[in-house]
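Chemist: Model the following, please.
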Amino acid sequence: MPEIILHGCTPEPLMSYLKALGVLRLVAEQPDPEARGAWRGGTFVVSSQLDENAMRQFFLEQYSPTPIVAPWGARSGFYPGSSESSARAALHAIRDTRIKRLELFQSVLKIVQDVLVDLGFTAKVRDEDKIKLLQACRARLPDSVLSWLDATYVLTQDDRVFPPLLGTGGNEGSGSYVSGFAQQVVSVLIQREWDHALNPSLFQKVAKGIASKQTPGHFSPRSAGGPNATQGFDGETATNPWDYLLTLEGACLWACGFSRRFGTNVSGMATFPFTTQPSAVGHGTLSFSDGKKPKNAQREIAEMWLPLWEKPTSLSEVQHLLSEGRATVGKRVVRTGVDFARAIAGLGTDRGVESFQRMAFLMRNGQNFMAVPLGRFEVRAQRDVGLLQKVDTWLDSFRRACRRETPSAPRRFTDALRRIDTAIFDFCRYGGKQRMREILCALGEAERELASGERFRNEGRVNPIPPLSPDWITACDDGSLEYRLALSLAAVRGDRERHVGDIRVNLESVERQRSRWIWAEKSRAVVWSSADLCRNMIAVLARRVMDAGRGGVEDLPLDSRVNVSLADVSRFLSGETDDRRIEELLWGLLLIDGEQNWREPIGQLTAPPRHPLVLPHAYALLKLLFLPHGLRSSSGGEKIPIKPEPEILSRLRATDVEGACTIAARRLRAAGLVPMPGPSAVGLRRHINVGSHLPAVRLAAALLFPINDPTRLGRQALRPPADERVETSP
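Modeler: Presented below is the predicted three-dimensional model:
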């Protein structure tokens, strides 16, 4: 079949998207049941037996409009009163015409009038009577109107719910879509005032005088006029009447079968096809407040994901997609826009859709709602998106706490939530280890804020983030130096008797309870503060050494599941790292479950050195006192006890590197080892530069890193006896 390119039908604004669906629906239902439609290059293409001229002739001479009525709403034209005058005049004109293609519309008007008489409604229906009228309309109106009814409202057991696509049951504030539709039917089909506007509507042909004063509602913000809508101070309303007619015809395809499929217990916007609660991320014009319903709003805010497909598709297939289409995250229906992005990344949508046009119904220009385009989202599978399911329950509770009205959440928590949602959305959209790592950092930031926000987490009932799968390690590993260093710190374990816990207890007041973490009373073990990374690392090292001494722990609780190379430590000492990034990654990596087996990478995190390793002598000397398993003699394999001296860290805090090294050398000699440099043949002590040029605080912090080549330290800092070689334990 020949293809007709409708240049006037594009994915945005919403009016243009619905217009494309309206063209396909009308052509397939009336002249050509075999018609197909597809989206190509941002334009709608119709495959039909009609050519361009035949399609134009169909709409001008044969098109029979859908009887769009809403007697339950204001300005429906069925009641007396000045506010009903325009709609009432339009319905009278439709009743009185002899045009054959309006006979169905006339019969529906007669049925509605009979329903109102039978129910005794002679004036605008009160809210308590609307359910009765809605039920009567569904029972008595013909099948040709059911698609409009299904797209307009959903009846529950004792109430009605309105999909956001058509406002509140066909009304938008004080305006009425049904009134506008009836008026355009009169001017376009009866009076034939807008024949010249059809070509611009369908094919984007240039013509004069194609804009009417009809308000477009939320379907086309650029056509609504108002302040700053044009080059002047105020813009006029300018809507092509054909656009308005075809838009509402296309809206009839969005029948809400979703609610019947999942039941009315599905909360929020998830009862409607491809519709969710809004997420204020993924677009530069959004703020956090856009994710919350304004206090003075008369309807719910929402966002819709409009499917775009490239394969020619029949009307019945499109109807099935739009009415029964669903998106899921795991086994549950999506709730937010971020959830929908996750469903797309996890291939949790119906097949055949290549991309989605994202739209949000937000309050703009006073209290007016507008369908705001939020960009295109390509369907692309992301392998690691399933790892997010572990935090679903926690994220829901954190989101509820941040969106509470009373008391309102402090800014630092809402910023943390926005960062998480943004990171998830960007990963689902583009993928990559760096964006997955950003999700982990965002979760870590939220955990850090919660750790110091006792009042907020108690009032919001927000628990610590549950332990994450070790698969996050590989998913987030971007190969950076900062990542390797942060992972080695996050993997530091406590002793077997639990006298000293994992390093997480030094950063926040939590305790392990079976398979999860819970908040605990303020613990003395928590030493992490708002200071910089190095000073916090020193505080952690000092605390763990002190707790080990008090608990009688034989081995220092500095062992780790992951070690780093001395080359990486050397680069840290020379200041080549982004310390703020290490700290962010540390808080994120602390969330990895330490009770599970870490398959990859375990024990070794290495990267080829960019230059020959230059390890400061001061570091090699001092680190020998802070090895988790101490030193061992190679001949007997016996452990050489060396007790760390807390004064070493105090000296380093005071920038006394020489003094710290002197104490370390004394400890080593007391253990029977010979540190270098030693005394000369004439009894004078040899002097070498032990590293006084190093920043002392940075040197002290580096002592916390677990290393994978401790034997190198012994070879550099100790003189082995003639009859044996001293090694550090692996």
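
Chemist: Following element in sequence after the helix-or-strand element of the chain with minimal mean pLDDT, please.
Modeler: Counting by mean pLDDT, DSSP states H and E, the chain has its least confident helix or strand at helix 257-262, which shows a mean of 46. Going down the chain from helix 257-262, the next helix or strand is strand 275-276, by DSSP states H and E.

Chemist: who's in contact with that following strand?
Modeler: 163-165, 268-270, 302-305, 334-337, 339-340 (Cβ atoms under 8 Å, 6 or more residues apart in numbering). Backbone N, C-alpha and C define where each C-beta goes, glycine included.

Chemist: Assumed Arg512 was part of a helix.
Modeler: No. Arg512: not assigned to a helix; according to DSSP: H, G, I helix; E, B strand; the rest coil it is strand.

Chemist: What residues does it make contact with?
Modeler: With contacts taken as Cβ under 8 Å, 6+ apart, Arg512 has the following neighbours: Glu595.

Chemist: Beta-bridge partners for it, please?
Modeler: Residues in a beta bridge with Arg512, per DSSP bridges, are Trp517.

Chemist: Now do the strands in the stretch 151-300 of the chain.
Modeler: If DSSP state E, counting those that start in this stretch is used as the criterion, the strands of the stretch 151-300 of the chain fall at 154-155, 160-161, 171-172, 175-176, 226-227, 234-235, 275-276.

Chemist: nearest to Phe203, of those?
Modeler: Closest of the strands of the stretch 151-300 of the chain to Phe203 is strand 234-235, at 25.0 Å (criterion: Cβ to Cβ).

Chemist: The contacts of strand 275-276: which two are farthest apart?
Modeler: The most widely separated members of the contacts of strand 275-276, counting by Cβ to Cβ, are Leu165 and Asp339 (19.4 Å).

Chemist: Those two: which has the busier surroundings?
Modeler: Taking neighbours as other Cβ atoms under 10 Å, Leu165 and Asp339 compare with Asp339 leading, 28 against 23.

Chemist: what's the closest non-adjacent residue to that one?
Modeler: Counting by Cβ to Cβ, 6 or more residues apart in numbering, Val329 is the residue found nearest to Asp339 once chain neighbours are left out, at 5.2 Å.

Chemist: The one you found: neighbour count?
Modeler: Val329: 23 neighbours (other Cβ under 10 Å).

Chemist: Most tightly packed of the strands of the stretch 151-300 of the chain?
Modeler: Compared across the strands of the stretch 151-300 of the chain, strand 275-276 shows the largest average neighbour count, a mean of 25 (mean count of other Cβ atoms under 10 Å).

Chemist: moving C-terminal of that one, what's the next helix or strand?
Modeler: Later in the chain than strand 275-276, the nearest helix or strand by DSSP H and E is strand 302-308.

Chemist: buried sites along that following strand?
Modeler: Taking 16 or more other Cβ atoms under 10 Å as the basis for neighbour counts, the residues of strand 302-308 that come out buried are 302-308.

Chemist: which ones are touching Ile190?
Modeler: Residues 93-94, 97, 99, 102 are the ones in contact with Ile190 under the rule Cβ under 8 Å, 6+ apart.

Chemist: For those residues, could you give me CSV that also reports secondary structure and distance to Arg561?
Modeler: As requested, the contacts of Ile190 are exported to CSV (DSSP: H, G, I helix; E, B strand; the rest coil; distance: Cβ to Cβ, whole Å):
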residue, secondary structure, distance to Arg561
Ala93, helix, 79
Ile94, helix, 76
Thr97, coil, 81
Ile99, coil, 80
Leu102, helix, 76
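
Chemist: tell me, how many neighbours does Arg666 end up with?
Modeler: Arg666 has 12 neighbours, counted by other Cβ under 10 Å.

Chemist: Quick one: low-confidence residue ranges for the stretch 501-650 of the chain.
Modeler: Along the stretch 501-650 of the chain, segments meeting pLDDT under 70 span 599-612, 632-637.

Chemist: Recalculate using a threshold of 50.
Modeler: Applying pLDDT under 50 to the stretch 501-650 of the chain picks out residues 601-604, 636.
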